[in-house]
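> I would like the atomic coordinates for the input below:
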Amino acid sequence: MPINYPEHKLFYRPPLSYIDIGRVVYNGRYADIYNYARDEYMRDIGFSYSSFNIKHEKHLAVVESNIKFRKPVFYDEETTIVSKVEKIGTRSIIFNQKIYTKEMKVVANESKFIMVCIDKRFKAASIPESLKKAFENGPFKN
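Numbering: from 1, shown residues only. Here you go, the predicted structure:
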């Protein structure tokens, strides 16, 4: 039976450096924004990415990404990024993420990232059981 992983919510305002000539977040910056949200998610489950990398000598590498753009996001606009693990395999994690505007009423865009756990030699590696359990238990704060 699939696990229903808890959601992680992160309040976010795009900085001026992410804005393009059209006065909205540049499309290429959304990968950075979603990466930031995943980093915060891991920190909030007690697995800061830096400690994961140092302690386990592993890295989560993006092998596939898909972002659907629905509505532009403007400089300094209040948004909420919702991140949810769809599935954790032995060596991969699938994340679904959405950026909401207007008090969680409008989806600005949504994404899916498939990540593979790799070791320091860039070879596929098992995801530590402790990380799987941390995602199951969910964020300490939300």
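
> double-check that residue 90 belongs to a strand.
No: Residue 90 is assigned coil when assessed by DSSP: H, G, I helix; E, B strand; the rest coil, not a strand.

> what is the burial count for it?
Counted by other Cβ atoms under 10 Å, the residues lying close to residue 90 total 10. All C-beta spots, glycine's among them, are computed from the backbone N, C-alpha and C.

> list the buried residues in stretch 40-56.
Within stretch 40-56, the residues scored as buried using 16 or more other Cβ atoms under 10 Å are 40, 41, 42, 43, 44, 45, 47, 49, 52, 56.

> can you give me the neighbour number for the nearest residue to the first one once chain neighbours are set aside?
Setting aside the residues directly before and after it, residue 40 is nearest to residue 10 in space (Cβ to Cβ, 6 or more residues apart in numbering), at 5.2 Å. Residue 10 is surrounded by 21 other residues when neighbours are defined as other Cβ under 10 Å.
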